[in-house]
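In: give me coordinates for this.
(one chain, ligands or ions: 2)
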Amino acid sequence: MSTISNSDSVPRLGIVRLQHGQGLDLPSYETTGSAGLDLRAAVPEDRQIVLLPGRRALIPTGLIFELPAGYEAQIRPRSGLAFKHGITCLNTPGTIDSDYRGEIKVLLVNLGNDDFRVERGMRIAQAVIAPVAQAIIEERESVGDTARGAGGFGSTGTA
Ligand SMILES: O=c1ccn([C@H]2C[C@H](O)[C@@H](COP(=O)(O)OP(=O)(O)OP(=O)(O)O)O2)c(=O)[nH]1
Ligand SMILES: [Mg+2]
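Out: Ligands and ions are numbered 1, 2, ... in the order given. Just a heads-up that it's a prediction; the model follows:
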C-alpha cells in the first residue's frame with residue numbers, strides 16, 4: 001500500500017484554539033505509535049485549580065474539535081497521573097460527539113490522598129480518535145438463541 005493511499009484513509013481532526021488556549025502546544029501524539037493525543041490544561045494564568053482529595057473539576061482545554069462524521073473522540077486518563085497521584089477522568093472514557101462544537105473539557109477527579117494542583121499546560125488526559133457506528137434500531141418480539149444465553153457477570157468462572 002502506498003503512503004498516499006494510506007494517508008487518504010486517515011481521519012482529519014480540525015482543531016480551533018480558543019483565546020485561553022493560545023500559547024499552549026496543540027494536542028499531539030507523543031510517540032510514533034501513540035494511540036492518544038495528549039490534552040493540556042488551559043487553566044487561566046491568574047486562576048488556580050487545586051483538586052482536593054475526593055473532589056472533581058471540569059478542566060478547560062481551550063480547544064474545539066471538528067471530528068469527521070463516523071468518528072468520536074474518547075477522553076481517557078493518563079496512567080502516570082493515575083498511578084502517581086490518583087488523578088483520573090471521572091467519566092472515562094469521555095465521549096466527544098462528532099457534532100459537538102463546544103470546548104473540549106476534561107472531568108478530573110482526585111482519588112489520591114493529597115491535594116493536586118492542575119497547572120496551565122499540564123498534560124491531563126488523552127483523546128483517542130475512533131470510528132463509531134450508529135446502529136439502525138429495530139424493535140423485535142424476541143432475540144436469537146445463543147450458547148451464553150443470559151449468563152454474564154462471572155458466569156464463565158475465573159480460572
Ligand atoms: O469528557 C467529556 C465528555 C463530554 N464532553 C462534551 C462533548 C460531548 O459531545 C458532549 C456531551 O457529552 P455526553 O453525551 O457524554 O454528556 P451528556 O450528559 O449526555 O450531555 P448531552 O445531553 O449534552 O449529550 O460534552 C466533553 O467535553 N468532555
Ligand atoms: Mg449525551
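
In: just give me the longest strand of the chain.
Out: For the chain, the strand with the greatest residue count under DSSP state E is strand 56-66.

In: so where is the protein shaky, pLDDT-wise?
Out: Confidence mapping of the chain against pLDDT under 70 gives the ranges 1-8.

In: can you tell me the SS state at the residue lying farthest from the centre of it?
Out: Distance to the chain centre peaks in the chain at residue 141, reaching 36.9 Å (criterion: CA atoms, centre = their mean). When classified by DSSP: H, G, I helix; E, B strand; the rest coil, residue 141 comes out as coil.

In: ok, back up a step: give me the distance from the longest strand of the chain to the chain's centre.
Out: 10 Å (CA atoms, centre = their mean, to the nearest Å).

In: so does it get close to ligand 1?
Out: No. Looking at strand 56-66 against ligand 1 by CB under 6 Å from any ligand atom, there are no contacts, and the closest approach is 8.0 Å. All C-beta spots, glycine's among them, are computed from the backbone N, C-alpha and C.

In: helices or strands next to that strand in the packing?
Out: Packing partners of strand 56-66 (3 or more CB pairs under 8 Å, 6 or more residues apart in numbering; DSSP states H and E): strand 14-17, strand 37-40, strand 49-51, strand 103-110.

In: and residue 123, which of those is closest to it?
Out: Put simply, out of the helices and strands packed on strand 56-66 the one that sits nearest residue 123 is strand 37-40, at 4.2 Å, with distance taken as CB to CB.

In: report the contact partners of residue 60.
Out: Taking CB atoms under 8 Å, 6 or more residues apart in numbering as the contact definition, residue 60 lies against 20, 21, 41, 42, 43, 103, 105.

In: tally of neighbours for the last one?
Out: Residues near residue 105, counting by other CB atoms under 10 Å, number 19.

In: one more: the fifth one?
Out: For residue 43, the tally of surrounding residues (other CB under 10 Å) stands at 22.
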